[in-house]
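Undergrad: everything below, folded, please.
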Amino acid sequence: MKRIVVLGGSGFFGGAVVERLRSDGARPLVGSRRGGGDSRVDAEDPESIRRELRPGDVVVDAAGPFQDRSPALLDAAIGTGFDLIDISDSLEYALKVWSRRSEIAPAGIRVLTACSSVSAVTAALVRWSGIAKPVRVGVCLVPATRFTANAGAAASLLRSVGAPVRVRRGGRLVVRPGWRESRVFAMPAPLLSRRAYLCESADAVLLPEVWPSLADVDFFVDSNVPGLDAILRAAARWSGLRRSIDRLQSWGLAAARLAGAQTGGLAVDVEGEGERVRVALVAPRTGHYSAALPAAAAARALAETRFQESGLIPPDRHIDAQSLLDRFDALGIAVYRARSGDSWARISQSWTSSAPRSL
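TA: Take a look at the predicted model:
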């Protein structure tokens, strides 16, 4: 079995990846730039990467936030010859990775970018809609904030508040003001109707790689903390308030952990020619594991040489749909589907998919 090294494995989401790997019987190594893990490695420091990572390793990159990350780790993966999985949600980072596609395949490695809620899980939700040629996809994230509020996630969210964000409209990336546009999503109980606000996401780049028919891809977030959406909506218009939120972020995180909701969810609204289907997952207390499951499953499959594809892997092929459903079910995460005008129905545990069955 190959070595699995989780960079950022002592952080919130990296720790969740480590926990899922250990629960599956793997023995991942924890890499941290601050020490305290199994190895001291900084994903932005080529020297430490060369010192700590080996050819043939399976590296999970959870060292976010990714918005300002350089391609240093990807450069090393190509040059050294180790497989690389990241849990980035950043559109900019996705563009950096996909621009290197022609270099990744000849290196004989596997690279899985956005192997997390964005975009592996959202791709699975779109696949479960049953619409073969989707034209529009709207994604809504409702985090279980009481359990998921952390500095990395907050930094990622705040990058979109009041800033220009890129979304896919009319078959191309366009710029819109973040957190200014909103949309109401219908979700299963107990989440029900949710007004969420426009943010930037890697889905706008990665989902069209799977479904070229997609003209529009939008990503919306409901903070799931009483009163916080209104504050962020105001901050999107007034820069002074926006700066105050940055300064008081630690207090805001504490408040979110105290007052945030215990149940979260992720939904897609998928439209094709003459059809519309909604698919959503609902997770009481365990929602943050949905971000870790795809990377943990893919890392173990790579380490056990069960992952048969190579090169840059599209997000719908990071994990088999049936395996993902089984893992969600084991954690109490339910997946529902509803056609336009119909009620929500839980998706059967006998889903079939063209994704790689080895996972």
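Undergrad: for the residue nearest to the spatial centre of the chain, helix, strand, or coil?
TA: Against the mean C-alpha coordinate of the chain, by Cα atoms, centre = their mean, the closest residue is Val118 at 2.6 Å. Assigned with DSSP: H, G, I helix; E, B strand; the rest coil, Val118 falls in the helix class.
Undergrad: show the contacting residues for it.
TA: Applying Cβ atoms under 8 Å, 6 or more residues apart in numbering, we find Val118 in contact with Asp89, Val139, Ser201, Ala202, Asp203, Phe219. The C-beta positions use only the backbone N, C-alpha and C, and glycine is treated the same way.
Undergrad: I'd like those as CSV, with secondary structure appended.
TA: Listed next are the contacts of Val118 as CSV, based on three-state DSSP:
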residue, secondary structure
Asp89, coil
Val139, strand
Ser201, coil
Ala202, coil
Asp203, helix
Phe219, strand
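Undergrad: re the thing from before, now the residue nearest to the centre of the chain: how far from Asp203?
TA: Distance of Val118 to Asp203, computed by Cβ to Cβ, to the nearest Å: 6 Å.
Undergrad: can you pull the residues that touch both of the two?
TA: Shared contacts of Val118 and Asp203 (Cβ under 8 Å, 6+ apart): Val139, Phe219.
Undergrad: most surrounded residue in the contacts of Val118?
TA: Counting neighbours by other Cβ atoms under 10 Å, Ser201 comes out on top of these with 31 neighbours.
Undergrad: now that one. Nearest residue, chain neighbours left out?
TA: Phe219 (3.5 Å; Cβ to Cβ, 6 or more residues apart in numbering).
Undergrad: low-confidence stretches in the stretch 251-359 of the chain?
TA: By pLDDT under 70, the low-scoring segments of the stretch 251-359 of the chain are 251, 256, 261, 348-359.
Undergrad: thinking again about what came up before, what is the nearest of the contacts of Val118 to Ile231?
TA: Phe219 (20.1 Å; Cβ to Cβ).
Undergrad: ok, that closest one - contacts?
TA: Val118, Val139, Leu141, Val167, Leu198, Cys199, Glu200, Ser201, Asp203, Ala204.
Undergrad: which residues in the stretch 151-300 of the chain form helices?
TA: Listed in chain order, the helices of the stretch 151-300 of the chain (DSSP state H, counting those that start in this stretch) span 151-158, 203-210, 228-235, 239-247, 249-259, 289-303.
Undergrad: would you tell me which of these gets closest to Pro106?
TA: The closest of those to Pro106 is helix 289-303. By Cβ to Cβ, the value is 18.5 Å.
Undergrad: how much does the closest one deviate in direction from helix 151-158?
TA: Counting by axes from the mean of the first three to the mean of the last three Cα atoms, to 10 degrees, helix 289-303 points 110 degrees away from the direction of helix 151-158.
Undergrad: packing partners for helix 289-303?
TA: strand 4-7, helix 12-23, strand 58-61, strand 83-86, strand 110-112, strand 275-284, helix 321-330 (3 or more Cβ pairs under 8 Å, 6 or more residues apart in numbering; DSSP states H and E).
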